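Trainee: 3D, please:
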Amino acid sequence: MDHALERHAAVDTPHVRRVETMQPLVWLRHGYADLAQSGRSSLAYGLYITAFGVMLLALSWGATYLVPAFIGGFLLVAPFVAIGLYAMSAQIERHERIDMARAMFAWRSNTGSIALFGLLLTLSLILWERVAAIIFALSYGGTVPDLSAVVQNVLFSGEYWPLLLAFFGVGAAFAVMVFTLSVVSAPLLLDRPVDAVTATITSMRCCLANPGAMAVWAALIAGLVLIGFATLMLGMIVIFPWLAHASWHAYRDLVE
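Mentor: The predicted model follows:
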């Protein structure tokens, strides 16, 4: 453990760059280029993630609050889940042959720090799920109706606007917090022998130095993910790897 701390301490804190407000559009373009070049490997990765997401949705369908909580939770853990796709973008950047098997185990280059980062995201997901459950339980007097009743009562009756404000307000706070701490953390941990604390601090510095670009990037991510869910997860087969590859280019632009 002491050797690991000494190794991380010897790594200089990464320098953060400033970028143009609309630079996220460039990241999407480069991400699409990586997706096109990696082809089946990236789409297969997206298919695995989509299949897992469909399974979780099916399991959570009986517990009403879990469905919207899962949608928000997907955004919380996505930076960690996409590590294999970051590795594929790194392979493309180095003009190497796309090797999905090697990319899937790229986390071994910085195992401890990446595992700690994954644990932090998992804990944030668990906390968000518990908070969502409490909000729904308090709003419905301790009982949670089926999903169709929630859609009709909450969205269209106008009687549950405090629930909507609480749910989306708290959800947005979670999303902003995790986005700020993770926007470049996972690619940075994969690319350099830094620790999880340095990675999250660097991510925060990126957001503070580029508030406009980060706001645009967050909106693009949220919009594309919602499209993916609106297509019953099928769109995520393309959208997830596309955003992951674009996130690698965001890291490359933001961190020197």
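Trainee: Might you report the residue contacts of A244?
Mentor: In this structure, A244 makes contact with G31, A78, A82, L85, Y86, S89, judged by C-beta atoms under 8 Å, 6 or more residues apart in numbering. In short, each C-beta sits where N, CA and C put it, glycine included.
Trainee: Give me the subset of those that lies in helices.
Mentor: Counting by DSSP state H, these place G31, A78, L85, Y86, S89 in helices.
Trainee: can you point me to the longest helix in this protein?
Mentor: For the chain, the helix with the greatest residue count under DSSP H is helix 111-139.
Trainee: what's it packed up against?
Mentor: Under the contact criterion of 3 or more C-beta pairs under 8 Å, 6 or more residues apart in numbering; DSSP states H and E, helix 111-139 touches helix 66-81, helix 161-182, helix 185-191, helix 196-209.
Trainee: Quick check: buried residues in the second one?
Mentor: By neighbour count on 16 or more other C-beta atoms under 10 Å, the buried set for helix 161-182 is L163, A166, F167, V170, G171, F174, A175, V178, F179, T180, L181, S182.
Trainee: low-confidence ranges in the stretch 101-250 of the chain?
Mentor: Along the stretch 101-250 of the chain, segments meeting pLDDT under 70 span 139-161, 163.
Trainee: One more pass at 80, please.
Mentor: Within the stretch 101-250 of the chain, the ranges that satisfy pLDDT under 80 run 129, 132-168.
Trainee: got a list of what the spatially most central residue of the chain touches?
Mentor: Nearest to the geometric centre of the chain sits A78, at 3.1 Å (C-alpha atoms, centre = their mean). Each residue near A78 by C-beta under 8 Å, 6+ apart is listed here: V225, F240, L243, A244.
Trainee: who are the neighbours in contact with the closest residue to the first one other than its chain neighbours?
Mentor: In this case it means V225. With sequence-adjacent residues excluded and distances taken as C-beta to C-beta, 6 or more residues apart in numbering, V225 is closest to L75, at 6.1 Å. Counting by C-beta under 8 Å, 6+ apart, L75 touches A175, V178, F179, I221, A222, V225.
Trainee: Next, the buried residues of the helix or strand harbouring the fourth one.
Mentor: So the one you mean is I221. Element membership for I221 (DSSP states H and E) is helix 211-230. By 16+ other C-beta under 10 Å, the buried positions in helix 211-230 come out as A213, M214, V216, W217, A218, L220, I221, L224, V225, G228, F229.
Trainee: is it true that the second one touches C206?
Mentor: Translated: M214. Yes: taking contacts as C-beta atoms under 8 Å, M214 lies within contact range of C206: 7.1 Å.
Trainee: Mutual contacts of those two, please.
Mentor: Shared between the contact lists of M214 and C206 (criterion: C-beta under 8 Å, 6+ apart) are residues V183.
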